[in-house]
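Enquirer: Got a sequence here, can you build the structure:
(2 chains)
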Amino acid sequence: MSDLFDGFIQALMLIFTLDKDLYVISGRSLQVTLTATLIASLVGIPFGSWLAVSNFRFRSSIIVLINALMGLPPVVIGLLVYLLLSNSGPFGVFNLLFTPMAMIIAQFLIILPIIASVSHRTIRSLWEEYRDFFVSLNATRWQIILTLIKDARRSLVTASLAGFGRGIGEVGAIMIVGGNIDHATRVLTTAISLETSRGNFNLAMALGIILILLSITINFLIHITVKSKYEQLDDQL
Amino acid sequence: MTNYKINGTDLILEKNNHNLLGPITFELLNSSCIIILGQNGAGKTSFLRLLHGLDKPKSGLLTWDPYIGLEEQSFIFQSPVILKRSVLENVVYPLLLRGVSRTDSVSKAEHWLEKTSLIHKANEPALSLSGGEKQRMVIARSLICSPKLLFLDEPTVNLDGESKLTIENLLKQAINEGTKIIMATHDLGQVKRLGGDIVFLHHGKIVEIGSVALFFNKPKTDAAFKFLQGEILQ
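Expert: Numbers count the residues shown, from 1 in each chain, chains lettered A, B, ... in the order given. Next up is the predicted model:
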């Protein structure tokens, strides 16, 4: 209990004394996860939406595959990305291993199935509601997808936030592809892991508290930003 | 004024191996208002959906002369499909989809919202409207593209008398402006008020086709007679 309390005090101290290392590590955590979430959203939302309104032979198999990929252990993705980016791998020539870019790629692969799957489910239920209307209007597939994305934007933001939550707390994959190099690829989760192994539980706890606060703040800010007049009504209904 | 003829020959509509309609053979001729009449479960909605192309027949032939494209038709569903947007955004939607500029679309939508007495709610979320207002908004959204043919599936079911009258007046105006209407209903009062021709359905089959006056004065079949007497058909 005292570790928890001391950790909390130390977290406050680190925040209010403007500890430079803390801000650098937190900034990198945000940079990596927000970039990965943004790219995964740009790919996953249109893909999930397209899947929701399409009918083709292997559609069900693709849905099953995406759902299965949601549960793939991040450490395996980390290993896969490591092998692809290592000098002997096909993308070794780009020298991306142990850089924030490698961490973004790993997180992108971890987050993408979550965003695509949640988007698919969200858009599918709206599609079932709108389908006859679109058929009657003779709308094209892309007109349909754009309309559905616009009307389901709040739920889709929740899908992205679920991806962000998974990414910001992830440690296995980014440890493998980032290497936890001080002032280069160290992020909050890898720093917590390191400090725990060193026995610095107070500092590890402080970093953990900051990680949680950061995650809650980002979620809160995004929800506030996307809340439109319609969505306020949605809460009342 | 659009002239059209729709012919159906031995049409059968099925869903999950369950016969919804047919076999039916008919000829619908250029009436300004055709009422699809029948009690619940008679196949009215299925018939409308088949004509509009929302459902494809299992067999049979459906021909139009001349063909009226989907972009010149509109369909109003019994449970109105409401986009999760403002009233104005709902009404401009079909025009924007057809590439009309936003300025022109908004000005046209405002005209239709005036006509349907919804202009004061233009910026309200459409889902916050009452049942009658929603149906008026959907009619504005359908008529904004000046369709040649408007399908309506029981548009006034569950509405109060005043809302019903408002909607019927809007439909009469649309008819006067050249839109042809094909509407499903089981409201006999509404049939009398709107007039035109009748297609009477029973158990997924067309039992009678003819003018409203003839149907009410001299029903040819026992089912139609009983229906007019207010009996529940078996």
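Enquirer: Poorly predicted segments of the chain, please.
Expert: All of this refers to chain A. Counting by pLDDT under 70, the ranges of chain A that qualify are A:1, A:3, A:226-237.
Enquirer: hm, I was asking about chain B
Expert: Checking chain B against pLDDT under 70 turns up B:1-2.
Enquirer: which residues in it form strands?
Expert: For chain B, applying DSSP state E gives strands covering B:5-15, B:18-29, B:33-37, B:59-65, B:73-76, B:149-153, B:180-185, B:197-202, B:205-211.
Enquirer: any chance of these in CSV, with distance to chain A and mean neighbour count too?
Expert: Heads up, the C-betas are built off the backbone N, CA and C, glycines and all. Shown next, in CSV, are the strands of chain B (distance: least, C-beta to the nearest C-beta, whole Å; neighbours: other C-beta atoms under 10 Å in any protein chain shown):
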stretch, distance to chain A, mean neighbour count
strand B:5-15, 14, 16
strand B:18-29, 15, 17
strand B:33-37, 17, 25
strand B:59-65, 15, 13
strand B:73-76, 4, 24
strand B:149-153, 8, 23
strand B:180-185, 13, 23
strand B:197-202, 20, 23
strand B:205-211, 23, 17
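Enquirer: Any chance of JSON lines for these, columns distance to A:Ala162?
Expert: Supplementary listing: the strands of chain B in JSON lines, determined by distance: least, C-beta to C-beta, whole Å:
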{"stretch": "strand B:5-15", "distance to A:Ala162": "36"}
{"stretch": "strand B:18-29", "distance to A:Ala162": "40"}
{"stretch": "strand B:33-37", "distance to A:Ala162": "47"}
{"stretch": "strand B:59-65", "distance to A:Ala162": "47"}
{"stretch": "strand B:73-76", "distance to A:Ala162": "37"}
{"stretch": "strand B:149-153", "distance to A:Ala162": "38"}
{"stretch": "strand B:180-185", "distance to A:Ala162": "43"}
{"stretch": "strand B:197-202", "distance to A:Ala162": "49"}
{"stretch": "strand B:205-211", "distance to A:Ala162": "52"}
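Enquirer: following the longest helix along chain A, which helix or strand shows up next?
Expert: Determined from DSSP state H, the single longest helix within chain A is helix A:100-137. Later in the chain than helix A:100-137, the nearest helix or strand by DSSP states H and E is helix A:141-151.
Enquirer: So which elements touch that next one?
Expert: helix A:20-53, helix A:100-137 (3 or more C-beta pairs under 8 Å, 6 or more residues apart in numbering or on different chains; DSSP states H and E).
Enquirer: quick one, the very next helix or strand once past it and helix A:141-151 angle?
Expert: Once helix A:141-151 ends, the next helix or strand along the chain (criterion: DSSP H and E) is helix A:153-168. Relative orientation of helix A:153-168 with respect to helix A:141-151: 80 degrees, computed using axes from the mean of the first three to the mean of the last three C-alpha atoms, to 10 degrees.
Enquirer: quick one: helix A:153-168 near chain B?
Expert: No: judged by C-beta under 8 Å from any C-beta of the partner chain, helix A:153-168 and chain B are separated, with a smallest distance of 9.1 Å.
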